[in-house]
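S.K.: Generate coordinates for the sequence data below:
(one chain, ligands or ions: 1)
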Amino acid sequence: MRSLRLLLCCLPLIAACSPGGGPSSAVLYEGALLIVGDGAEPIGNSAFLVQGGQFAAVGRVGEIDAPFGAARVDLSGKTVMPAIVDGHVHLGYADIAAGTDTPANYSRENIVEHLERLAWYGVGAALSMGLDRRQMYGLREETIPGAALFRMAGAGIAMPDAGPGAADRRDVPYGVTTEAEARAAVQELAAAGVDIVKIWVDDRNGTVEKLTPPLYRAAIDEAHAQGLRVAAHIYYLEDATDLLRAGIDGFAHGVRDVTVDREFLNLLAERPDVFLMPNLPDSGYLTERDLLVRAETLPESAVERMREQLAARTGPVPSPFFRLQADNLLRMQDAGVRVVLGTDGDGAGWDAHEEMADMVAAGMTPADVIVASTSAAAAVAGLDDRGTVAEGMSADFIVLEANPLENIYNTRRIDAVYLRGSEVDRSGWTE
Ligand SMILES: [Zn+2]
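M.R.: Residues are numbered from 1 along each chain as shown. Have a look, this model is predicted:
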C-alpha cells in the first residue's frame with residue numbers, strides 16, 4: 001500500500017518526490033510555527049531549508065532561496081521543534097513491553113531497538129548515564145538511520161557493589177575505595193571516549209555506602225584534568241552542597257530529602273554552568289493521556305497492567321514527594337541552574353513526554369521545558385550541532401499537530417520526526 005501511495009503522489013510532479021530522496025537532496029519546509037529551541041520567540045510562517053542532513057537556512061517564508069529543483073513541503077498549521085535530547089537514560093533492559101524488572105539485555109540488537117523507539121517518539125539523542133557495559137561503547141561511534149544518537153557516561157563510579165538498580169546491573173560501575181582507584185577509573189573512561197563521568201553519592205536509604213568526599217573530589221579533579229564534566233546522582237541536600245564545593249558540574253537528580261537552603265542556593269548562584277536534571281518522581285498526574293502515548297508502541301496487555309496500577313493508586317495528588325522536588329526545582333531554577341531534561345528512562349521513549357509534562361506540572365513554563373529538553377540537554381551531552389533549528393545544525397526536528405508552548409501535552413501529537421534530514425519511519429512499531 002505504501003508504494004502505491006508514493007507512486008500516486010509522485011505522478012503530478014516528479015520533482016516533489018525528493019522529500020523521501022535521502023539526506024543529500026534539498027527540501028524547503030514552509031509555513032510552520034517554528035520553535036528554535038534556544039528560548040527565542042517562535043518564528044511564525046517559518047521557512048527552513050534542509051540539505052545534506054543539515055539546516056542550510058532558517059527564516060520566514062519568502063526569505064529563503066531554495067536551490068533549483070528543491071522540493072517544498074507545506075507545513076502550514078503545524079509546529080516544528082528540535083528533536084528532543086534526553087540527558088539521562090539507561091539502555092539495556094530486556095523487554096520494555098514486559099516491564100522494567102526483566103533481566104538486563106545489553107545485546108546490540110536490543111539497544112538499537114531502544115534507540116529506534118526513542119526516535120519514534122521524537123528523541124534524537126540520548127545520554128546513557130553510567131550503566132553502560134563495555135560492549136556498548138562502540139555504539140557511540142555509530143549513526144544508525146532512524147535511531148537516536150547514543151552518547152554515554154560509560155561505566156559510572158560508586159563504592160564497590162553500591163551501584164544502582166537490579167543485581168544484574170550492580171557490577172557495571174567502577175567500585176572504588178581509594179583516590180588512586182577513582183583517578184584510574186576516570187582515566188580509563190577518558191581513554192574510552194565517554195561524554196561525561198557519572199558518580200553515585202547516595203546510600204540508597206541506608207543500604208549501601210556512599211561515595212566519600214575524598215573519593216568524589218579525586219574523581220572530579222581527575223575528570224576536569226581530562227576535560228570531562230561530572231554528573232552526580234544525589235539524594236540528600238548535604239551531599240549536593242558539598243559536591244558543589246568540590247566542583248561538580250551537574251546533578252542527575254534533584255535534592256529529595258529537604259527543601260534546599262540559602263547556603264546551597266548561594267553556592268549554586270556562583271556556578272552558573274551547573275545543570276540539574278530534575279528527574280521528577282511520579283506526580284500522580286499520570287492519566288489516560290499518558291497511557292494513550294504508551295499504547296502507541298505497547299501491546300494492549302501491558303497498557304492494561306498500567307491502567308490497573310493507575311486505578312489502585314491512593315494518596316494526594318501531587319504527592320508530597322513530588323511537591324518537595326518541584327519546589328526545589330523552582331528554587332534552583334531561580335538561582336540560575338541550567339535545567340536539563342533527564343528521564344532516567346529505559347529507552348521506552350514516551351518518558352520524555354511524561355517528564356516534560358511533569359516539569360510543567362512542577363511550575364516551569366512550557367517554553368523553559370522545551371529549552372531544557374533540546375538545546376540545554378544537547379549541551380550537556382556534548383552535542384554542539386544538535387538542540388536548535390538553526391543554520392549548520394543537524395536537521396533533527398519534530399513536526400507537531402499543535403503548539404506545545406500552549407500545552408506541553410502537544411509534544412505528543414507527532415506528525416513526523418526527522419533525524420539528520422531523513423524522515424523516521426513511524427508507520428508502526430509492532431509489525
Ligand atoms: Zn539514572
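S.K.: What separation do you get for the closest residue to D257 other than its chain neighbours and the ion?
M.R.: For D257, ignoring the flanking residues on the chain, the nearest one in space by Cβ to Cβ, 6 or more residues apart in numbering is Y236 at 4.9 Å. In this view, the C-beta of every residue, glycine as well, is placed from N, C-alpha and C. Taking Cβ to the ion, to the nearest Å as the measure, Y236 falls 16 Å from the ion.
S.K.: number of nearby residues for Y236?
M.R.: 16 (other Cβ atoms under 10 Å).
S.K.: likewise V339?
M.R.: Neighbours of V339 using other Cβ under 10 Å come to 23.
S.K.: Could you do the one 5 residues further on as well?
M.R.: The local packing count at D344 equals 19, with neighbours defined by other Cβ under 10 Å.
S.K.: Over to A184?
M.R.: 15.
S.K.: and it, that's in a helix?
M.R.: Yes. Looking at A184 with DSSP: H, G, I helix; E, B strand; the rest coil, it is inside a helix.
S.K.: distance of it from N279?
M.R.: From A184 across to N279, the span is 29 Å (Cβ to Cβ, to the nearest Å).
S.K.: Quick one: the helices in the stretch 151-300 of the chain, in order.
M.R.: 179-192, 213-225, 237-245, 262-269, 288-295, 300-312 (DSSP state H, counting those that start in this stretch).
S.K.: Out of these, which gets nearest to S394?
M.R.: helix 179-192 (23.8 Å; Cβ to Cβ).
S.K.: pLDDT score assigned to P23?
M.R.: P23 is assigned a pLDDT of 46 by the prediction.
S.K.: Domain parsing of the protein, as residue ranges.
M.R.: Using automatic domain parsing, the domain parsing of the chain gives 15-82+391-423, 84-380.
S.K.: how about the residues of the stretch 201-350 of the chain near the ion?
M.R.: D344 (Cβ under 5 Å from the ion).
S.K.: at 8 Å what do you get?
M.R.: 233, 252-253, 279, 342, 344 (Cβ under 8 Å from the ion).
S.K.: Determine which two of these are furthest apart.
M.R.: Largest pairwise distance in those, by Cβ to Cβ, is 10.6 Å, between H233 and G342.
S.K.: any shared contact partners between these two?
M.R.: A252 (Cβ atoms under 8 Å, 6 or more residues apart in numbering).
S.K.: looking at it, E209 is touching V201, isn't it?
M.R.: No. If you go by Cβ atoms under 8 Å, E209 and V201 don't touch, sitting 10.5 Å apart.
S.K.: And those two? Which one has more around it.
M.R.: Taking other Cβ under 10 Å, E209 and V201 do not tie; V201 has more neighbours (27 against 16).
S.K.: Please report how far the more buried one lies from L131.
M.R.: According to Cβ to Cβ, V201 and L131 sit 16 Å apart.
S.K.: Over to V73?
M.R.: Distance from V73 to L131, by Cβ to Cβ: 40 Å.
S.K.: higher neighbour count, these two?
M.R.: Taking neighbours as other Cβ under 10 Å, V73 and L131 compare with L131 leading, 25 against 18.
S.K.: What residues does the more buried one make contact with?
M.R.: Contacts of L131 by Cβ under 8 Å, 6+ apart are 90, 92, 155-156, 163-165, 169, 172-173.
S.K.: least confident pick among those residues?
M.R.: G165 (68).
S.K.: Pull up the per-residue confidence for the closest residue to S319 other than its chain neighbours.
M.R.: Closest residue to S319 apart from its sequence neighbours, by Cβ to Cβ, 6+ apart: G284 at 5.2 Å. Note on G284: pLDDT of 75.
S.K.: Can you get me a residue count around G284?
M.R.: 19.
S.K.: So which bits of the stretch 1-150 of the chain are right by the ion?
M.R.: 88-90, 129-131.
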